[in-house]
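1. what follows is a predicted protein model with its sequence.
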Protein chains: 2
Amino acid sequence: MRPTKRDELVDKALKAFYANGFHATGMDRLVEETGISKTSMYKHFQSKEALILAVLQRRDAQFRDWLFGRMERLGKTPRGQMLAMFDALEEWFEEPGFRGCLFIKAASEFQEPGHPIHAQAATHKALIYDHLRSLAAQGGADNPALLARQLLVLKEGAIVAAQVEGCRAAAAQAKDAAKTLLDNALAH
Amino acid sequence: MRPTKRDELVDKALKAFYANGFHATGMDRLVEETGISKTSMYKHFQSKEALILAVLQRRDAQFRDWLFGRMERLGKTPRGQMLAMFDALEEWFEEPGFRGCLFIKAASEFQEPGHPIHAQAATHKALIYDHLRSLAAQGGADNPALLARQLLVLKEGAIVAAQVEGCRAAAAQAKDAAKTLLDNALAH
DNA sequence: GACAGGGTGTACCGATCTGTACATATAGGC
DNA sequence: GCCTATATGTACAGATCGGTACACCCTGTC
């Protein structure tokens, strides 16, 4: 087992899928962009779908590590961390290669709710929700589940606005809305 | 000119694209599902992309008519109309064939911001924003542009939550958040 | 150097992709 | 009924899709 080559494949495939979409990125094109032969790909993954699932797993870990890390760094209190999520989003939106959320794309291209790829996208969102709910509970929200859901809705909405309309201010606008919601929901 | 056949094609193509995605729906499959021959399609539209653009135009008109109509019907005041948007969303989410927003899908599958399809998706969102800003101004919001953006973010976020996670409660949760925002932003 | 074994690249498979050439059906003017 | 013109359906073209068969190379052991 040499994880390096496999990891390299997953990393480069992630970039290609993120930039061009899943259906639009053929295995042949992946060969060109990664420099890895198709045989090697199919040694590591039995199908394109298996590769996509691995890509989503990688992205899930990568994104949550990054997001939760930024939140922890930029915010001290639970309330501060929840607000910091939107500062982190703004940083993300400003990155040159920003193209929206890979999981929204995945769920859009593989629509059947029972499809493994769709299910994995849902799982990613659920994990972020769990984190937010935990923070909301720590912050003393009256209804942590509701607050977490609302913050998640603001997050997804901001991502869509940034991706579809190129509206990077969406992060700050969502943060402003979040502030109002937090003031309303947190005992302090 | 007989608009009927062309309209029938656009309608059925809309359903097919909505259910299965743009890249995943080939022209041959469109022939099967619409019962219209490929030659006829290419007589009416010079390419698949042109057909997709027509589909998006149809959907834009259809969706805005429906949404703004429901808002007007369910809400009397500007504030009531803005809140009613989320009731309308909930109705939409409950429909059996609900699969999320066609324009988010379109922007996801055609990612280059300069691409005509992506641009058309952005236009659709901008038109909804305009309507919301107008309502926010009528309602006497301190900052109508900001409030409209925030409501739009809530709307997109709720759609994503409903589509990806199958969370239909997202509409009600977003409405609850919108209520808080409106209380905060409207003079009354 | 002989050998074994796993990772690699080339060439190819049938199916499907978008788009087209051509033959056919259909409707209206006289 | 006949001619013209437009709309339609069939069959196909070239490219690309996901996936595979097979020959190759490269490394470690003796």
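-> Done, it's in.
2. which phi and psi values does the residue in chain A positioned nearest to DNA strand D adopt?
-> Using C-beta to the nearest atom of the strand, the single residue of chain A nearest to DNA strand D is A:Gly26, 2.7 Å away. The C-beta positions use only the backbone N, C-alpha and C, and glycine is treated the same way. Torsion angles at A:Gly26 (phi, psi; degrees, to the nearest 10) stand at phi -80, psi 160.
3. that one: neighbouring residues, count only.
-> Using other C-beta atoms under 10 Å in any protein chain shown, A:Gly26 has 12 neighbouring residues.
4. got the residue ranges for the helices in chain A?
-> With DSSP state H as the criterion, chain A has helices at A:3-20, A:27-34, A:38-44, A:48-74, A:78-94, A:102-109, A:116-138, A:144-164, A:170-185.
5. summarise which helices and strands the first one is packed against.
-> Under the contact criterion of 3 or more C-beta pairs under 8 Å, 6 or more residues apart in numbering or on different chains; DSSP states H and E, the helices and strands touching helix A:3-20 comprise helix A:27-34, helix A:38-44, helix A:48-74, helix A:102-109.
6. before we move on, back to that, the helices of chain A into TSV, with extra columns for distance to B:Ala145 and mean pLDDT?
-> Shown next, in TSV, are the helices of chain A (distance: least, C-beta to C-beta, whole Å; pLDDT from 0 to 100):
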stretch	distance to B:Ala145	mean pLDDT
helix A:3-20	31	86
helix A:27-34	41	88
helix A:38-44	48	88
helix A:48-74	26	96
helix A:78-94	18	97
helix A:102-109	25	96
helix A:116-138	27	97
helix A:144-164	13	97
helix A:170-185	9	96
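7. reformat those as a markdown table; add mean neighbour count and distance to DNA strand C.
-> Compiled in a markdown table, those are given as follows (neighbours: other C-beta atoms under 10 Å in any protein chain shown; distance: least, C-beta to the nearest atom of the strand, whole Å):
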| stretch | mean neighbour count | distance to DNA strand C |
| --- | --- | --- |
| helix A:3-20 | 16 | 4 |
| helix A:27-34 | 14 | 7 |
| helix A:38-44 | 14 | 3 |
| helix A:48-74 | 17 | 12 |
| helix A:78-94 | 20 | 31 |
| helix A:102-109 | 26 | 14 |
| helix A:116-138 | 19 | 18 |
| helix A:144-164 | 26 | 22 |
| helix A:170-185 | 21 | 32 |
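8. of all those, which one is nearest B:Asp65?
-> Closest of the helices of chain A to B:Asp65 is helix A:144-164, at 20.5 Å (criterion: C-beta to C-beta).
9. can I get that closest one in CSV, CA atoms only?
-> Extracted C-alpha coordinates of helix A:144-164, given in CSV (Å, rounded to 0.1, in the frame of the first residue of the first chain):
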residue,chain,number,x,y,z
PRO,A,144,-30.3,25.2,19.9
ALA,A,145,-31.7,23.0,17.1
LEU,A,146,-33.6,25.8,15.5
LEU,A,147,-30.8,28.3,15.8
ALA,A,148,-28.3,25.9,14.3
ARG,A,149,-30.7,25.2,11.4
GLN,A,150,-31.1,28.9,10.8
LEU,A,151,-27.4,29.5,10.8
LEU,A,152,-26.9,26.7,8.4
VAL,A,153,-29.6,28.1,6.2
LEU,A,154,-27.7,31.4,6.2
LYS,A,155,-24.5,29.7,5.4
GLU,A,156,-25.9,27.7,2.4
GLY,A,157,-27.7,30.8,1.2
ALA,A,158,-24.6,32.9,1.3
ILE,A,159,-22.6,30.2,-0.6
VAL,A,160,-25.3,30.1,-3.3
ALA,A,161,-25.4,33.9,-3.6
ALA,A,162,-21.6,34.0,-3.9
GLN,A,163,-21.5,31.2,-6.4
VAL,A,164,-24.4,32.0,-8.6
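10. that helix and chain B in contact?
-> Yes. Counting by C-beta under 8 Å from any C-beta of the partner chain, chain B has neighbours in helix A:144-164: A:146, A:149-150, A:152-161, A:163-164.
11. once you drop chain neighbours, what's closest to A:Pro78?
-> A:Gly139 (3.6 Å; C-beta to C-beta, 6 or more residues apart in numbering or on different chains).
12. gap between that neighbour and chain B?
-> Distance, A:Gly139 to chain B, using C-beta to the nearest C-beta, to the nearest Å: 16 Å.
13. got phi/psi on that residue?
-> Note on A:Gly139: its backbone torsions stand at phi -80, psi -10 [degrees, to the nearest 10].
14. same thing with the one 3 residues further on?
-> A:Asp142 has phi and psi values of phi -60, psi -40 when expressed as degrees, to the nearest 10.
15. that one contacts A:Ala185, correct?
-> Yes. Using C-beta atoms under 8 Å, A:Asp142 is in contact with A:Ala185, at 5.9 Å.
16. just to revisit the earlier point, identify, from the residues of helix A:144-164 next to chain B, the entry nearest to A:Ala84.
-> A:Lys155 (12.0 Å).
17. read off the pLDDT value for A:Met1.
-> Looking at A:Met1, its pLDDT reads 40.
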